[in-house]
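# coordinates only, sequence not included:
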């Protein structure tokens with residue numbers, strides 16, 4: 001539970017970092033970042049597997065590069081749903097989702113070091 005909460009807080013901070021680094025992404029407050037990180041997490045858990053399955057032929061033909069488009073679409077969709085999180089367009093969503101994904105990978109590595117599994 002604490003591991004999930006820590007990851008959520010760090011991903012919200014990463015979203016604020018994305019907004020700071022790239023002007024095409026805007027986050028109004030840390031509360032907005034928390035909600036946006038939650039929505040992005042839900043999209044990645046529920047929607048992404050369906051989209052990946054439906055677009056599998058295109059993903060295979062593009063050697064996996066279409067997954068970047070799927071990530072950008074989910075990032076853009078989350079911004080369209082939420083009031084405190086804005087993305088300037090698809091290009092901004094693509095760049096923002098790339099930065100956010102890199103931050104997410106770093107956060108996951110850090111979380112594994114902070115909370116080693118007891119397997």
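Okay, I see it. Only a predicted model underlies this, so the values are computations on that prediction, with no experimental measurement involved.
# need the strands for this protein, in chain order.
25-27, 85-87 (DSSP state E).
# residue 35 is nearest to which of these?
Comparing the strands of the chain by their distance to residue 35 (C-beta to C-beta), the top pick is strand 85-87, with 7.6 Å. Any C-beta I mention is one placed from the backbone N, CA and C, and that applies to glycine too.
# in the longest helix along the chain, what counts as buried?
When the chain is parsed with DSSP state H, its longest helix is helix 90-114. Within helix 90-114, the residues that qualify as buried are 92-101, 103-104, 107, counting by 16 or more other C-beta atoms under 10 Å.
# pLDDT on that helix, on average?
Across helix 90-114, pLDDT averages out at 93.
# quick one: pLDDT of residue 14?
For residue 14, pLDDT reads 95.
# which residue sits closest to it, ignoring its sequence neighbours?
residue 103 (3.6 Å; C-beta to C-beta, 6 or more residues apart in numbering).
# again, but for residue 15
Per C-beta to C-beta, 6+ apart, closest to residue 15 is residue 33, 4.5 Å.
# before we move on, what about residue 84?
Using C-beta to C-beta, 6+ apart, the nearest residue to residue 84 is residue 32, at 2.7 Å.
# enumerate every residue touching that neighbour.
Listed by C-beta atoms under 8 Å, 6 or more residues apart in numbering, the contact partners of residue 32 are 82-85.
# circling back: what packs against the longest helix of the chain?
Packing partners of helix 90-114 (3 or more C-beta pairs under 8 Å, 6 or more residues apart in numbering; DSSP states H and E): helix 2-21, helix 66-81.
# which among those helices is found nearest to residue 45?
helix 66-81 (10.8 Å).
# what helices and strands are in contact with that closest one?
helix 30-42, helix 48-54, helix 56-61, strand 85-87, helix 90-114.
# distance of residue 11 from residue 35?
12 Å (C-beta to C-beta, to the nearest Å).
# next one: residue 101
Distance from residue 101 to residue 35, by C-beta to C-beta: 19 Å.
# cool, thanks, signing off.
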